[in-house]
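S.K.: Okay, sequence plus prediction incoming.
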Amino acid sequence: IEVTDSNGTKRHEIQRGSEVVSSNTNMIPFQVMDASGGITVDPHHATIEAVKTCDEFKPYEDQNSEIGFGAFRLSANSLNPSPGRKTIGYRFQEWALPVATTVFIHGVAHDKNGDLTIGLTGEGKGSFLISSKSEDEVIRGLLGRMKLLLIGATLSGILGLGLIIATVF
């Protein structure tokens, strides 16, 4: 872009940026199975820790090109970039829970639709997690975050106490 400083001198600068061109989420109820049988999981409103199944970068070619990843297609000239902007490429990322993935689910079983289902209850209360990590990995991650919060709170308390003492004396 062209930038003019306070002296009226013009210079060209390169600014990097990114924007989300398209975002799509599909939440499809699915069955989980174990030795005792199966149950339906309704993933709507769940926190989902999925597996990154795709992370691709495709260089931008020309105004009339079409970019695509699988069934997703987008005409590059429909993006109509601002004058002076140059697109270097497009990144496509996908997270999913592939079929036959072992999952850890923390939620509530209910039968509000007539069939036993794991999902958010009608009251919308409680936590609902679907993770591709094991229960132990989920717990270790939560304990690690709790430890960092405790350290931050302790340091904030010590700093606050130090500021109070410094102000008084």
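M.R.: Yes, it's here. Predicted model only: the values in this text are computed from it and were never measured. Numbering: from 1, shown residues only.
S.K.: Output stretch 109-117 as CSV, nothing but the C-alphas.
M.R.: Taking only C-alpha atoms (Å, rounded to 0.1, in the frame of the first residue of the first chain), the coordinates of stretch 109-117 have been written out as CSV:
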residue,chain,number,x,y,z
ALA,A,109,-27.8,-38.9,28.6
HIS,A,110,-31.5,-38.0,28.1
ASP,A,111,-34.6,-39.3,26.3
LYS,A,112,-36.4,-36.1,25.4
ASN,A,113,-36.8,-37.2,21.8
GLY,A,114,-37.9,-40.7,22.8
ASP,A,115,-34.5,-42.4,22.2
LEU,A,116,-31.6,-42.4,24.7
THR,A,117,-29.2,-39.7,23.5
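S.K.: Quick check: buried residues in it?
M.R.: By 16 or more other C-beta atoms under 10 Å, the buried positions in stretch 109-117 come out as Thr117. For every residue, glycine as well, the C-beta is placed using N, CA and C.
S.K.: pLDDT of that stretch, averaged?
M.R.: Model confidence over stretch 109-117, given as mean pLDDT, is 85.
S.K.: and what of stretch 148-160?
M.R.: Confidence for stretch 148-160, expressed as mean pLDDT, is 96.
S.K.: And for stretch 98-106?
M.R.: Along stretch 98-106, the predicted confidence averages to a pLDDT of 91.
S.K.: Not counting its own residues, what contacts that stretch?
M.R.: The contact list for stretch 98-106, computed with C-beta atoms under 8 Å, 6 or more residues apart in numbering, reads 32, 41, 51, 53, 97, 118, 127-135, 138.
S.K.: how many other residues sit next to Asn24?
M.R.: Asn24 has 6 neighbours, counted by other C-beta atoms under 10 Å.
S.K.: Please read the previous query as pertaining to Ala46.
M.R.: Neighbours of Ala46 using other C-beta under 10 Å come to 20.
S.K.: any idea how far Val51 is from the closest residue to it other than its chain neighbours?
M.R.: Closest residue to Ala46 in three dimensions, ignoring its sequence neighbours and counting by C-beta to C-beta, 6 or more residues apart in numbering: Phe128, at 4.4 Å. In this structure, Phe128 lies at 19 Å from Val51, with C-beta to C-beta, to the nearest Å as the measure.
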